[in-house]
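Colleague: Provided below for reference: sequence and predicted model.
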Amino acid sequence: MTTKQLLKVTTSGEWENGVKTSISIRDFAPFIVDEPKSLGGTDEGPNPVELVLAGLTSCTSVTIAFVAKEQKFAYDAVQFENEGTLDLQGFAGVRGVKPHFETVHVDVFLKTEESEERIAELKREVERRCPVLSLLTTAGVEVTSNWVKK
């Protein structure tokens with residue numbers, strides 16, 4: 001039986017006004033999370049669901065770095081583009097409508113000389129191990145991805 005290797009992650013936040021919140025993480029400067037004006041905010045920062053997609057990008061990037069090292073997969077650059085859709089009726093309280101993303105699409109652009117087969121192996125392992133992707137898929141979000149060699 002293996003012993004768990006738990007990592008504790010903490011954040012803190014303070015409501016500023018309206019739908020704006022100041023978020024603190026470790027010793028980094030606090031940052032603002034807000035909504036666009038069209039959703040009642042002042043547009044002074046990204047909104048929470050944009051941060052989820054940003055978290056998916058950064059988590060995928062970190063997981064690529066770890067898995068690529070294990071697989072001896074060489075690459076020079078990676079770029080990401082994500083898009084998510086959600087039905088605002090869920091947030092508005094309409095019963096039967098999920099408030100979270102319905103779909104998320106990820107494009108990963110790899111600058112590499114590796115074969116398409118090796119890219120597919122990297123993709124499989126990264127998608128199996130990425131914690132943020134796991135959160136989305138476990139919640140029932142339909143996640144699709146397209147990994148492209150540049």
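Modeller: All right, it came through fine. Numbers count the residues shown, from 1 in each chain.
Colleague: what ranges do the strands span in this protein?
Modeller: Taking DSSP state E to define them, one finds strands in the chain at 12-17, 20-24, 31-33, 77-85, 103-111, 142-149.
Colleague: stretch 70-81: end-to-end distance?
Modeller: Start and end residues of stretch 70-81 are separated by 25 Å (CA to CA, to the nearest Å).
Colleague: do the same with stretch 83-99
Modeller: 16 Å.
Colleague: quick one on the thing from earlier: now the strands of the chain in JSON lines, with mean pLDDT?
Modeller: Listed next are the strands of the chain as JSON lines, based on pLDDT from 0 to 100:
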{"stretch": "strand 12-17", "mean pLDDT": "98"}
{"stretch": "strand 20-24", "mean pLDDT": "98"}
{"stretch": "strand 31-33", "mean pLDDT": "98"}
{"stretch": "strand 77-85", "mean pLDDT": "98"}
{"stretch": "strand 103-111", "mean pLDDT": "98"}
{"stretch": "strand 142-149", "mean pLDDT": "98"}
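Colleague: which one of those lies closest to residue 40?
Modeller: The closest of the strands of the chain to residue 40 is strand 20-24. By CB to CB, the value is 10.2 Å. No exception for glycine: its C-beta is placed from N, CA and C like everyone else's.
Colleague: how about the closest one: buried residues?
Modeller: Neighbour counts over strand 20-24 (16 or more other CB atoms under 10 Å) mark 20, 21, 23 as buried.
Colleague: same thing with stretch 28-45?
Modeller: So stretch 28-45, judged by 16+ other CB under 10 Å, has buried residues 33, 34, 35, 41, 45.
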